[in-house]
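1. everything below, folded, please.
(chains A and B)
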Protein chains: 2
Amino acid sequence: MSDDAKPVPFYQHHVFFCLNQRPPGDRVCCADSGAQAAQEHAKRRIKTLGLAGEGKVRINKAGCLERCEQGPALVIYPEGVWYTYVDNEDIDEIIDVHIVGGKIVERLKI
Amino acid sequence: MSDDAKPVPFYQHHVFFCLNQRPPGDRVCCADSGAQAAQEHAKRRIKTLGLAGEGKVRINKAGCLERCEQGPALVIYPEGVWYTYVDNEDIDEIIDVHIVGGKIVERLKI
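-> Okay, here's the model as predicted:
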C-alpha cells in the first residue's frame, strides 16, 4: 500500500507495553522490571496531557513481545519504534520527545 | 518521518488481539466473544505456516483496545488495519488474504 492509500490512523500513536510475567527461574521478563508501574505511569501522564483517545494516543497493555532480553520493552505504532526503559524519567522522555516532539529517543531505542 | 528513513520492521505484521474481560453488566468486551480462543487459533496457524518470528509475524495478546462496541477487535501494525471477526474462518481469512496475500479483508474491517 502506498502512503496515499493509507487512511487516518485510529490512534496517532499506539503504545504497547509488554507486561509478561514469567515463572521464577525462567527467561527474564518485563514484569520483573517494573513494566506494570511504567505502563500505568504512561497512561496517567498521557491522560493528564490531554492526549488520550481516538485520533490521539493509546497506552496499551500487551502480552510477551518476544524481546525479553532487551526489555523491559515497549513498541510504538504505526511507526514501529521499540524502546526499553529503566524508570519513569525514561517514560517521560519517550512521551515528551517521541510522542509530543516527534523525534526518536536514540538512547532508549532497541 | 519519511518512508526512506524507516528501518526494516522487527515484525512484518504485528497482530494485537484485544482479550479484555469486563465484569458482568459492564460494557461489552472482546473476551466474551471468544477472543482468547481466536488469538490462540491465529498463533497456532501462523506457526504452522512457518510465519512466526522476527522479521515475519507476531500474534500478540493485548489489553482493551477501546473499540469494544465494534469488537471483538484486533489490529495489525505497522499498517494499522483493524478487524473484527466471528469465528476461526474469519481469522483464517485475515491470515490468508491480509497477512499472506497483502490485501485488505474489507468485509471484516472496522
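
2. show me what contacts the nearest residue to residue A:98 once chain neighbours are set aside?
-> For residue A:98, ignoring the flanking residues on the chain, the nearest one in space by Cβ to Cβ, 6 or more residues apart in numbering or on different chains is residue A:105 at 5.6 Å. Backbone N, C-alpha and C define where each C-beta goes, glycine included. Under the criterion of Cβ atoms under 8 Å, 6 or more residues apart in numbering or on different chains, the contact partners of residue A:105 comprise A:83, A:93, A:94, A:97, A:98.

3. just give me the closest of those residues to residue A:62.
-> Using Cβ to Cβ, the shortest approach to residue A:62 within the contacts of residue A:105 belongs to residue A:83, at 13.5 Å.

4. elements contacting the helix or strand encompassing that closest one?
-> With elements taken from DSSP states H and E, the one containing residue A:83 is strand A:81-84. Using 3 or more Cβ pairs under 8 Å, 6 or more residues apart in numbering or on different chains; DSSP states H and E as the contact test, the elements touching strand A:81-84 are strand A:73-77.

5. tell me which parts of chain A are close to chain B?
-> For chain A, the contact set with chain B under Cβ under 8 Å from any Cβ of the partner chain comprises A:1, A:3, A:6-7, A:9-10, A:14, A:16, A:54, A:58, A:60-67, A:75, A:77-80, A:82.

6. of those residues, grab the buried ones for PyMOL.
-> Provided next is the PyMOL selection string for whichever of the residues of chain A next to chain B are buried by 16 or more other Cβ atoms under 10 Å in any protein chain shown:
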select buried, chain A and resi 9+10+14+16+58+60+61+62+63+64+65+66+67+75+77+78+79+80+82
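
7. which ones among the residues of chain A next to chain B lie within strands?
-> Judged by DSSP state E, these include A:14, A:16, A:58, A:60, A:61, A:62, A:75, A:77, A:82 as members of strands.

8. nearest to residue B:44, of those?
-> Relative to residue B:44, and with distances defined as Cβ to Cβ, the nearest of those is residue A:62, at 19.1 Å.

9. that concludes my questions; thank you for your assistance.
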